[in-house]
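Enquirer: quick one: sequence plus predicted model below, questions after.
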Amino acid sequence: MNGNITNQEKQYYGLLGLDRLPRVVKIINLCVSVTIGSGLAFISWFDHIYDGVPSYISLPFLPLVFAWPLCAVLLWLRLTGIRWFWCLIASAVLLVGYCMLHILGVLIAGFLAG
(Lines give C-alpha, C1' and ligand atoms only; values in the text may rest on other atoms or scores of the structure.)
Protein backbone atom coordinates (compact mmCIF):
# COMPACT_ATOMS: atom_id res chain seq x y z
CA MET A 1 0.00 0.00 0.00
CA ASN A 2 2.84 2.36 0.70
CA GLY A 3 4.15 1.79 -2.84
CA ASN A 4 0.94 3.22 -4.32
CA ILE A 5 1.43 6.48 -2.48
CA THR A 6 5.03 6.90 -3.65
CA ASN A 7 4.13 6.11 -7.30
CA GLN A 8 1.45 8.77 -7.49
CA GLU A 9 2.32 11.81 -9.52
CA LYS A 10 2.90 14.91 -7.44
CA GLN A 11 0.71 17.84 -8.32
CA TYR A 12 2.50 20.77 -9.94
CA TYR A 13 1.82 23.99 -8.07
CA GLY A 14 3.80 26.25 -10.35
CA LEU A 15 7.07 27.87 -9.48
CA LEU A 16 5.27 30.62 -7.60
CA GLY A 17 2.81 28.23 -5.98
CA LEU A 18 -0.13 29.87 -7.72
CA ASP A 19 -1.69 26.61 -8.92
CA ARG A 20 -3.79 26.57 -5.76
CA LEU A 21 -5.73 29.57 -7.04
CA PRO A 22 -9.40 29.02 -7.91
CA ARG A 23 -10.14 27.86 -11.45
CA VAL A 24 -11.90 31.12 -12.33
CA VAL A 25 -8.77 33.11 -11.48
CA LYS A 26 -6.67 30.77 -13.64
CA ILE A 27 -9.05 31.24 -16.59
CA ILE A 28 -8.92 35.01 -16.15
CA ASN A 29 -5.10 34.81 -15.98
CA LEU A 30 -5.04 32.78 -19.20
CA CYS A 31 -7.36 35.19 -21.06
CA VAL A 32 -5.59 38.33 -19.88
CA SER A 33 -2.16 36.86 -20.67
CA VAL A 34 -3.20 35.92 -24.21
CA THR A 35 -4.80 39.34 -24.79
CA ILE A 36 -1.74 41.23 -23.55
CA GLY A 37 0.57 38.87 -25.46
CA SER A 38 -1.37 39.43 -28.70
CA GLY A 39 -1.08 43.17 -28.21
CA LEU A 40 2.65 42.94 -27.52
CA ALA A 41 3.11 40.73 -30.57
CA PHE A 42 1.23 43.23 -32.71
CA ILE A 43 3.27 46.16 -31.42
CA SER A 44 6.53 44.22 -31.79
CA TRP A 45 5.94 42.49 -35.13
CA PHE A 46 3.78 44.87 -37.15
CA ASP A 47 6.36 47.67 -37.30
CA HIS A 48 9.19 45.27 -38.14
CA ILE A 49 7.24 43.71 -40.98
CA TYR A 50 6.43 47.02 -42.69
CA ASP A 51 9.26 49.31 -41.61
CA GLY A 52 12.02 46.73 -41.76
CA VAL A 53 14.25 45.49 -39.01
CA PRO A 54 16.36 48.16 -37.29
CA SER A 55 20.07 48.06 -38.01
CA TYR A 56 21.00 47.51 -34.37
CA ILE A 57 19.46 44.01 -34.42
CA SER A 58 21.98 41.56 -35.84
CA LEU A 59 20.87 38.60 -37.95
CA PRO A 60 21.32 35.83 -35.32
CA PHE A 61 19.03 37.70 -32.90
CA LEU A 62 16.31 38.46 -35.45
CA PRO A 63 14.06 35.52 -34.38
CA LEU A 64 14.03 36.95 -30.84
CA VAL A 65 12.15 40.00 -32.13
CA PHE A 66 9.33 37.76 -33.23
CA ALA A 67 9.51 35.15 -30.45
CA TRP A 68 9.66 37.21 -27.27
CA PRO A 69 5.89 37.87 -26.83
CA LEU A 70 5.08 34.20 -27.31
CA CYS A 71 7.87 33.08 -24.96
CA ALA A 72 6.88 35.68 -22.36
CA VAL A 73 3.28 34.45 -22.30
CA LEU A 74 4.37 30.80 -22.10
CA LEU A 75 6.79 31.59 -19.28
CA TRP A 76 4.20 33.52 -17.29
CA LEU A 77 1.57 30.83 -17.69
CA ARG A 78 3.97 28.08 -16.63
CA LEU A 79 5.16 30.11 -13.63
CA THR A 80 1.57 30.57 -12.50
CA GLY A 81 0.86 26.84 -12.69
CA ILE A 82 -1.04 26.49 -15.96
CA ARG A 83 -0.45 23.06 -17.52
CA TRP A 84 1.58 22.64 -20.74
CA PHE A 85 -1.46 21.68 -22.81
CA TRP A 86 -3.22 24.93 -21.99
CA CYS A 87 0.00 26.90 -22.50
CA LEU A 88 0.30 25.50 -26.01
CA ILE A 89 -3.37 26.25 -26.69
CA ALA A 90 -2.76 29.79 -25.45
CA SER A 91 0.22 30.18 -27.79
CA ALA A 92 -1.93 29.10 -30.75
CA VAL A 93 -4.63 31.57 -29.71
CA LEU A 94 -1.97 34.28 -29.36
CA LEU A 95 -0.82 33.68 -32.94
CA VAL A 96 -4.41 33.74 -34.21
CA GLY A 97 -5.04 36.92 -32.23
CA TYR A 98 -1.98 38.53 -33.76
CA CYS A 99 -3.14 37.55 -37.26
CA MET A 100 -6.55 39.05 -36.58
CA LEU A 101 -4.98 42.29 -35.34
CA HIS A 102 -2.69 42.30 -38.36
CA ILE A 103 -5.60 41.92 -40.79
CA LEU A 104 -7.58 44.55 -38.90
CA GLY A 105 -4.63 46.95 -39.04
CA VAL A 106 -4.20 46.44 -42.80
CA LEU A 107 -7.94 46.95 -43.39
CA ILE A 108 -8.05 50.14 -41.32
CA ALA A 109 -4.92 51.46 -43.05
CA GLY A 110 -6.46 50.70 -46.44
CA PHE A 111 -9.71 52.36 -45.43
CA LEU A 112 -7.94 55.49 -44.23
CA ALA A 113 -5.68 55.66 -47.28
CA GLY A 114 -8.45 55.09 -49.84
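Expert: On my side now, so go ahead.
Enquirer: which strands and helices lie in contact with the strand or helix carrying C71?
Expert: For C71, the host element (DSSP states H and E) is helix 62-79. In terms of contacts (3 or more C-beta pairs under 8 Å, 6 or more residues apart in numbering; DSSP states H and E), helix 62-79 is packed against helix 23-51, helix 84-113. The way it works is simple: take the backbone N, C-alpha and C, and place the C-beta from them, glycine included.
Enquirer: which of those sits closest to A72?
Expert: helix 23-51 (6.7 Å; C-beta to C-beta).
Enquirer: could you list every helix and strand in contact with that closest one?
Expert: In terms of contacts (3+ C-beta pairs under 8 Å, 6+ apart), helix 23-51 is packed against helix 62-79, helix 84-113.
Enquirer: any chance of these in TSV, plus mean pLDDT and mean neighbour count?
Expert: What follows is the helices and strands packed on helix 23-51, written out as TSV (pLDDT from 0 to 100; neighbours: other C-beta atoms under 10 Å):
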stretch	mean pLDDT	mean neighbour count
helix 62-79	80	16
helix 84-113	86	13
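Enquirer: so for V24, which of those helices sits nearest?
Expert: Of all the helices and strands packed on helix 23-51, helix 84-113 comes closest under C-beta to C-beta, at 14.5 Å.
Enquirer: tilt between the closest one and helix 62-79?
Expert: 130 degrees (axes from the mean of the first three to the mean of the last three C-alpha atoms, to 10 degrees).
Enquirer: between helix 23-51 and helix 84-113, find me the angle.
Expert: Going by the same axes, to 10 degrees, helix 84-113 makes 40 degrees with helix 23-51.
Enquirer: from now on call the first residue 55
Expert: Yep, numbering from 55; the last one is helix 138-167 now.
Enquirer: packing partners of helix 138-167?
Expert: helix 77-105, helix 116-133.
Enquirer: right, and these - which one's nearest L161?
Expert: Closest among those, once you apply C-beta to C-beta, is helix 77-105, at 13.1 Å.
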